[in-house]
Each structure stands twice: as C-alpha cells, then as structure tokens.
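Colleague: model this:
(one chain, ligands or ions: 1)
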Amino acid sequence: MHPKALLDSCSELLKQVLRFDHPADMVLSRYFREFRLGPRERATIAETIYGVLRKKNLYAYLAQHGSGPPERRLAILGFTSDREYLSSALTDQELDWLQRCDQVLPEDLMELHRHNLPQWLVDPLKEQLGADFWPLVESLNAPAGLDMRVNTLKDKRADVQKELLKVGLKTTATPYSPWGLRLADKSQLGKLDAFTRGAIEVQDEGSQLLALLVDAKRGEMVVDFCAGAGGKTLAIGAAMRNTGRLYAFDTSAHRLEALKPRLARSGLSNVHPVAIAHERDDRIKRLAGKIDRVLVDSPCSGLGTLRRNPDLKWRQNPKAIEELTAKQTAILQSAARLLKPGGRLVYATCSILREENEAIAEAFSLANPGFTLMEAGPILTHMGVEHADTLVRGPYLRLWPYLHQTDGFFAAVWQKEL
Ligand SMILES: C[S@@+](CC[C@H](N)C(=O)[O-])C[C@H]1O[C@@H](n2cnc3c(N)ncnc32)[C@H](O)[C@@H]1O
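Modeller: You can find the predicted model right below:
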C-alpha cells in the first residue's frame, strides 16, 4: 500500500475511533474485515491508532499548530513506520511542521502533555502511588508483550517452550506464574499446532496468577462467577485436572459462546457454562452453600489494561466508575452466598483504582464477619509462585505493569468460617 493511502486510512479510522462510540479494537476489526490488507499494513495502522490514543493529550497539543484535517495531523504524529516512508506521503508544509514538533523537549511540556491521562484519573493515582506515578504512566503508555498459559492438562511448560522454539518462536518462562510463557515479539499463534490442539492459550501472566489464587482442587465444586470468554475458567478447569464441576456463569450469553471453541481445544469436560439473568438469578440460589471455591472476576473499568486498550482512559469517567462499584459490591455479595463453610472466595479486577479494589474488599469484610480475609502472598507461594511477597500490598494481590510487566490487577481472598 502506498504511504499516502496508509496515512489516509489512519486518518479515516481516527475520525471514527476518537468519537469513542465503540471500543477501538472493535472499530479496527470491523475495518480489517471490510478492507483486506497485509499483516504489515494492519500492524502499522493498528499501532498508529493505539499510539495516538496513548499520547492523545500531547498530539492534540502539537496538532494545534499544523494545517490540514486534525485527524491527519494526529495520524502523522502517531505514525509508526519509519520516517523516510512517512515523509514520502507529506507535503512540504507538513514536513516543516513535523520537524518543529521533533524539536519540542519533554521538559518544556506541561504535565498533562507528558502523562496523557484525563485529570480525573491523575489525582487518585498520584495519591495512591506518590513518586511511582511517573513510572506507572510510562509503563501504561508502552505496548504490552504477549503471554501464554500452557494447558498443563496436555503438556509441560518446558516441552511447549522447546516445541515453539523449533518453529522459530523464542519464549521465556514467566517469572511468577508456573504456567506461563512470554513471547519476545508479538506473533499470530492461531495456526500453531500447540494452539489448535489446546496446549496454549493467550493469557496475561497477571490473569494466570488470579486463577492460581483460587487453588481449585480435584473433585471440587467451583464457580467462575463472571466467566466471560473463559480465560480464567480454562486455567481453573485444568488445575482441577478435568474433575469435579466448574460452573462458568456470565450475564452475557454472547461472551460465554466464545468460551465454547476454547473449551473444545482445551480437552476440558468439567466446565458447565450458564448464562444468568443477573447476580440474584434463581439458578444461583439453588447452589447456595454448596460450592467450595468462587472466583468473582468482576466487571470493572479495565484501567489496568491501558497498555492494550488505551482508549479506555478516554471512554471511562467518574460516573461510570461509581456505577461499577455499586455493581461490584452487589455481585460479590451474591457470589459469597454460594460458598460452603470453609470455602474460598476470590474477588478480582483488572483495575488500578482503589475504589474498585481495596475499597470494595474492605466494605465486604466489614459487612461479612463470617468471612476471614486471607493473605494472598503465602497462598501464591504455596502454589509455586516465586517472589510472591513482591506481588502483594498487605493482604491483597496488587500487580502493576511498571513493577511486574503484567497488566494492573487486584485480588482479595477470604475463607468462609467453618
Ligand atoms: C472482567 S470480565 C471477565 C473476564 C473473564 N473472567 C476472563 O478471564 O476472560 C467481567 C465479566 O462479568 C460479566 N458480568 C457483568 N455483570 C455480571 C453479573 N451481574 N453477573 C455475572 N457476570 C456479570 C461481564 O459480561 C463480563 O464478561
């Protein structure tokens, strides 16, 4: 594709994405389904769009001084291909403006143009993190790597690693999860034999650690309350060695549908997907007091995944967070009723906000004296996770991209009294 056409595609897509009517990945997949492009062109377009979303404050500021349609100026600033290739698509005026942009020094910029966050997010993050605010910002504005979980029901991690190396994919064992492999470069895994036979699934190391906290055992009754497309369900089902009964609940039948082909690949037959109407559904009431372990991977702002979904920081707002926290409280309270005496409850999010994490857990502990908060660190150590003490803040699991190279995750664990 000629660089001029590629830049035009980026500008057109930015116009749609920056309306924030739909998630950016949805807009991109629709575009790629409509226009058949090569893998390099798709990568350039996607990275340019994500690059602009990551640095929207800065680019909008620099774009004020250029000429031509604003989306084109943003696309030029975020364009990920090499400068020579880009230059061949630009007018002399644009080249001149771009050169002036290159000369702007970070120390001359206002804070808002350096952190590229909406102000409502800056204050709570600074309060929570102090001097670590800037390392966090830097990590959130960088693209994420690609982690996989090895399905230990089918293969050993070391064997899969050797198999992938034979087809030219160099991986390293993830430092914390005993199930994980990390790819140095992003690759398409869908056609690999290891993928089609269910030996690997794409899953962030942080998500793997959440499934490890459940510590589901052979023969148990387990509920994944917000199973979605089943990322954690598959990990828990394999940990149960395909025995017992694992219910995968979700209010979205559509998301549960996406679990089915993954289940077929995984070889698991202990998983029972159930679409529920809401968290007080009658089907849940029938299971009250019968379940050994419950994972609540709660709907949340997703702000821990900004490396992969940078549009979320522009799509979320304080009102939406408030609504989410009410939902999180209600779901956790309902899910807790499922547990047997002595059972384990895990509440998790992929948010970095205290409101969706510690605040929900603290309120639950206060309202439910029959549940004892457990220390996440020793549980993870018991599960074979090295350096688990570096993954926690107090009793809670707290993962950060700048510290752990995972998405941002939170988890709290309770035991119901005997
Ligand atoms: C964070 S996502 C789950 C991701 C999934 N566990 C995974 O590992 O891929 C949260 C899920 O909660 C579901 N959800 C929202 N409200 C719910 C409710 N009241 N009860 C159960 N699930 C709900 C959403 O449909 C969404 O799939």
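Colleague: for the ligand, what are the nearby residues on this structure?
Modeller: Within the chain, the residues that sit near the ligand (CB under 6 Å from any ligand atom) are 207, 225-232, 249-252, 255, 276, 278-279, 297, 299, 331. Just so you know, the C-beta spots here come from the backbone N, C-alpha and C atoms, and that holds for glycine as well.
Colleague: Now do the helices for the stretch 1-150 of the chain: every range, in order, please.
Modeller: With helices called from DSSP state H, counting those that start in this stretch, the stretch 1-150 of the chain shows them at 3-17, 24-34, 39-54, 56-63, 70-78, 83-87, 92-102, 111-115, 119-129, 133-140.
Colleague: Tell me what angle the fifth one forms with helix 92-102.
Modeller: With axes from the mean of the first three to the mean of the last three CA atoms, to 10 degrees as the criterion, the two stretches helix 70-78 and helix 92-102 enclose an angle of 50 degrees.
Colleague: Could you list every helix and strand in contact with helix 70-78?
Modeller: Judged by 3 or more CB pairs under 8 Å, 6 or more residues apart in numbering; DSSP states H and E, the packing partners of helix 70-78 are helix 3-17, helix 39-54, helix 56-63, helix 92-102.
Colleague: Now tabulate those helices in JSON lines and tack on mean pLDDT.
Modeller: Shown next, in JSON lines, are the helices and strands packed on helix 70-78 (pLDDT from 0 to 100):
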{"stretch": "helix 3-17", "mean pLDDT": "95"}
{"stretch": "helix 39-54", "mean pLDDT": "94"}
{"stretch": "helix 56-63", "mean pLDDT": "96"}
{"stretch": "helix 92-102", "mean pLDDT": "94"}
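Colleague: Compile those helices into TSV and extend it with columns for mean neighbour count.
Modeller: Below are the helices and strands packed on helix 70-78 laid out as TSV (neighbours: other CB atoms under 10 Å):
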stretch	mean neighbour count
helix 3-17	19
helix 39-54	20
helix 56-63	20
helix 92-102	14
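Colleague: Tell me where the stretch 201-350 of the chain has strands.
Modeller: Assigned strands in the stretch 201-350 of the chain, in chain order: 221-224, 245-250, 271-275, 291-297, 339-349 (criterion: DSSP state E, counting those that start in this stretch).
Colleague: what helices or strands is the longest one leaning on?
Modeller: Read that as strand 339-349. Applying 3+ CB pairs under 8 Å, 6+ apart, one finds that strand 339-349 contacts helix 205-214, strand 291-297, helix 318-336, helix 358-367, strand 409-416.
Colleague: What residues of the fourth one count as buried?
Modeller: Yep, that's helix 358-367 we're talking about. Within helix 358-367, the residues scored as buried using 16 or more other CB atoms under 10 Å are Glu358, Ile360, Ala361, Phe364.
Colleague: could you dump the helix-or-strand element of the chain with minimal mean pLDDT to PDB, C-alpha only?
Modeller: Lowest on mean pLDDT, DSSP states H and E among the helices and strands of the chain sits helix 83-87, with a mean of 88. Only the C-alpha atoms of helix 83-87 are listed here, as PDB (Å, rounded to 0.1, in the frame of the first residue of the first chain):
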ATOM      1  CA  ARG A  83      10.300   8.500   8.900                       C
ATOM      2  CA  GLU A  84      11.500   8.200   5.300                       C
ATOM      3  CA  TYR A  85       8.500   6.200   4.300                       C
ATOM      4  CA  LEU A  86       6.200   8.600   6.100                       C
ATOM      5  CA  SER A  87       7.900  11.700   4.600                       C
END
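Colleague: got the buried residues for that helix?
Modeller: Leu86.
Colleague: ok now that helix, how far from the chain's centre?
Modeller: Chain-centre distance of helix 83-87: 33 Å, with CA atoms, centre = their mean, to the nearest Å.
Colleague: what's the answer for stretch 15-28, then?
Modeller: With CA atoms, centre = their mean as the basis, stretch 15-28 stands 18 Å off its chain's centre.
Colleague: What are the contacting residues of that stretch?
Modeller: 13, 45-46, 49-50, 53, 71, 74, 309-311, 314-315 (CB atoms under 8 Å, 6 or more residues apart in numbering).
Colleague: rerun that using 10 Å as the cut-off
Modeller: 10, 13-14, 29-31, 42, 45-46, 49-50, 52-53, 56, 60, 69-72, 74-75, 302, 308-312, 314-315 (CB atoms under 10 Å, 6 or more residues apart in numbering).
Colleague: re the thing from before, buried members of the residues of the chain next to the ligand into PyMOL, please.
Modeller: Selecting only the buried entries of the residues of the chain next to the ligand in PyMOL, with 16+ other CB under 10 Å as the criterion:
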select buried, resi 207+225+226+227+228+229+230+231+232+249+250+251+255+276+279+297+299+331
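Colleague: Just give the nearest non-adjacent residue to the residue nearest the centre of the chain, would you?
Modeller: Among the residues of the chain, the one closest to the centroid is Thr305, at 4.2 Å (CA atoms, centre = their mean). Computed as CB to CB, 6 or more residues apart in numbering, the closest residue to Thr305 that is not its neighbour in sequence is Asp407, at 4.8 Å.
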